[in-house]
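Q: what would the 3D arrangement of this be:
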Amino acid sequence: MEPGASAVNSKEIPDILQPKKYFRHFHDKKIYHEFRNVCRLLGYYGDINLLTDHFLDIFHDTILHKMQATLILNEMVMGAAGHGVHRGITKKKDKEVQHKIAVLEEIIKMLIEEYLSPINFHLITSASHDSAMSTPETRLLAINLVSHDNSVNSFNRNIIQICLYLEGIGYFAKVLGKRFCPFLIQTLYPLLEKLGDETAFISSTAYLSLCDICSVCSYGSIDELLKQNADYLVNAISLRLRHFDQNKQSPLVLKVILQYSTVEILPLIDDTIQEVLSSLDDFYDDQAALFMGVLNELVKAVSRWFPCLKCKVEETQTHNQCVSLMDELLEYCKTLRVSEGQEEEVDESHDQPSQEEEEDDSTDPDKKPPLPKHVVVVKEVMTRSKHLLSSKSPRLRLLVLDTIGYSCQALSTHTDELLPLIHELWPSYRQRFIDEEKLVIRRARELDVSSETLVIMSECTGDFIKRRTVTDVFPKLIHFLDKQAQISVQTGKAYLHTVAYKLQHSILTNIGIICDKLMVGGNDLEEMMCTCTRYLSARQPHTLQQVSISLCSTFYKLDPDRLWLLLCDMACPVEYIPPSPCLKNVKFMTQPLSRNEYTDNVKIVFVTLYDNT
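A: Here you go, the predicted model:
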């Protein structure tokens, strides 16, 4: 997961359940249910001020009982408002609850300030968590935690503690109802920050709390909540970006806004996006992954907000063709009636010059219309991406490749802008196929993403990418596959866990898609065919044989005759006799019906594709 990636998928409305709580001394849900009832009854019938002070003292005294105190405080506040308390509602009781709500408002204000204080809210939740937090006090706390208790148990404890804070804020919103609206200025930004957290428990709990807030504050969705409070959020992000050293989580909030908002938010965050681009330039060395994650989400959002630009162009062209056909038919009918004397011909020539003059005045071929704002932004993102393709961090390179793919989609209808950008980044991009990165999963994933990005680029630019791919990428891939095919012969199961195998499998899986999208043919395709069909050998690992068989289906679509000739040279399944003496007998490199290491797999390909046994 890239830095700052939210655990909640925003492409569809996530179906998230409340994270389960696990207790050390009991596991029965009934016990927890009764415990909640006791806490809520205590809050309903007890002195809520006295109880809050008591459990806050426990909260402050020791870290050992901090989670327990937080849970009890949350449940007592819910109980004090009458939530979950089984009782007969009377007018007198109802008035008591309304009076308590006014008292609870002050208590909730105090608890929110306590929960969201930097020393409590910004806890370290993973080994990779940046120790530089929002304030100097928090940085001191982070150093202390890392040096003394930097363990899995500590991380888990901090995750649960943050989840209890977030759950408590959701409870407070339910208690106050619309009275909670003034507290949005304190709670919305921290909740969005945690919604962008990479920990699933934290992100899910933040999402559910935001849903509770939307419900009680009359917002139809998180998108509407963000839209109505965009001015405050944009201002908060901008202020924190100016002091980025003390607010290194601030880009996550913008990322979440992009994930959950619609296109209406784009004009409101334009200045903030420019600040992020400037911050990327300022913190190029150590924080590129964090800012690149935001820009990646930006181009994803643009692709999501403008999904059918190409479809709209095709639809417009189809409509224009229909209109043109109708005009021709009407003109034909009119001419026919005039020729038959049913109508008199009207001379419209005097109107023509004025129309031409108007057209001349309105069209200026040298003046291009201004680009849409989202296209300008994506261009800037793509311009910065080319410098990061050669980063030492494999994770950052993967993120940049993904960003380039979405950028190509966003600029697919603006080829005049896209082609120069691809030309500039191509030297760095082609290295992703041939560099010497030896990390198994990362290198294989990088090639996968490179191939996917290349497919997207080929769809958007066609022959522009085809020439470069065939010239720069294919020779390196062919050389690797040829060399490795000699090594992988007769290898055991241990080979399946090597770097080389994963790269072989990745190339064979993706090269067919690339050839298909680029419509590769001729000698270039034949050279790739010759290399890939070597893996039809029974001496190769079984998985590589299967991938090679599947790859033949793609080659068959591109050039079935060339593939047929190549396979017959490897292992001819039948003896072909010319239908006429005038025709010469076709000679292959292998004898018909003879057996070799390719026979079985070649026969499968023939049966599948050529219906020949």
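Q: helix or strand next in line after the helix or strand bottoming out on mean pLDDT in the chain, which one?
A: Using mean pLDDT, DSSP states H and E, helix 136-149 stands out as the lowest-scoring helix or strand of the chain, at a mean of 44. Using DSSP states H and E, the next helix or strand after helix 136-149 towards the C-terminus is helix 152-176.
Q: what angle sits between whatever helix or strand comes next after that following helix and helix 152-176?
A: Sequence-wise, the next helix or strand downstream of helix 152-176 (DSSP H and E) is helix 184-195. Calculated by axes from the mean of the first three to the mean of the last three Cα atoms, to 10 degrees, helix 184-195 forms an angle of 140 degrees with helix 152-176.
Q: so which bits of helix 184-195 are buried?
A: Judged by neighbour count (16 or more other Cβ atoms under 10 Å), helix 184-195 contains these buried residues: L184, T187, L188, Y189, P190, L191, L192, E193, K194, L195. Bear in mind the C-beta positions are built from the backbone N, C-alpha and C, glycine included.
Q: with stretch 103-111 instead?
A: For stretch 103-111, the neighbour count (16+ other Cβ under 10 Å) marks L104, E105, I107, I108, L111 as buried.
Q: ok now it, how far from the chain's centre?
A: How far stretch 103-111 lies from its chain's middle: 39 Å, per Cα atoms, centre = their mean, to the nearest Å.
Q: go on, stretch 532-550?
A: On Cα atoms, centre = their mean, the centre of stretch 532-550 falls 33 Å from the chain's centre.
Q: other residues contacting that stretch?
A: Contact with stretch 532-550 is made by 481-482, 485, 488-491, 495-496, 501, 504-505, 508-509, 511-512, 551-552, 555, 566-567, 570, 597-598, 600-602, 604-605, 608, as judged by Cβ atoms under 8 Å, 6 or more residues apart in numbering.
Q: sitting in strands, which of those do you find?
A: Secondary structure assignment by DSSP state E places none of those in strands.
Q: would you write a ChimeraX line that selects the buried entries of the residues you listed?
A: Selection of buried members from the contacts of stretch 532-550 for ChimeraX, criterion 16+ other Cβ under 10 Å:
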select :481,485,488,491,501,504,505,508,511,512,551,552,555,566,567,570,598,601,602,605
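Q: let's see which of the contacts of stretch 532-550 end up in helices.
A: The members of the contacts of stretch 532-550 that map onto helices under DSSP state H are 481-482, 485, 501, 504-505, 508-509, 511-512, 551-552, 555, 566-567, 570, 600-602, 604-605.
Q: tell me the angle the helix or strand containing I112 makes with helix 184-195.
A: Counting by DSSP H and E, the element that carries I112 is helix 91-115. For helix 91-115 against helix 184-195, the angle by the same axes, to 10 degrees is 60 degrees.
Q: where's helix 91-115 relative to the chain centroid, distance-wise?
A: 42 Å.
Q: so which elements touch that helix?
A: helix 48-61, helix 66-80, helix 152-176, helix 184-195 (3 or more Cβ pairs under 8 Å, 6 or more residues apart in numbering; DSSP states H and E).
Q: switch to 10 Å and redo it
A: helix 29-45, helix 48-61, helix 66-80, helix 118-121, helix 152-176, helix 184-195 (3 or more Cβ pairs under 10 Å, 6 or more residues apart in numbering; DSSP states H and E).
Q: what is the burial count for V152?
A: 9 (other Cβ atoms under 10 Å).
Q: so it versus E380, what's the distance?
A: Distance of V152 to E380, given as Cβ to Cβ, to the nearest Å: 41 Å.
Q: list the contacts of stretch 52-66.
A: If you take Cβ atoms under 10 Å, 6 or more residues apart in numbering as the criterion, stretch 52-66 is touched by 39, 43, 46-47, 67-73, 76-77, 80, 104, 106-108, 110-111, 114-115, 120, 149, 154, 157, 160-161, 164.
Q: quick revisit: nearest to K29 among the buried residues of stretch 103-111?
A: L111 (26.5 Å; Cβ to Cβ).
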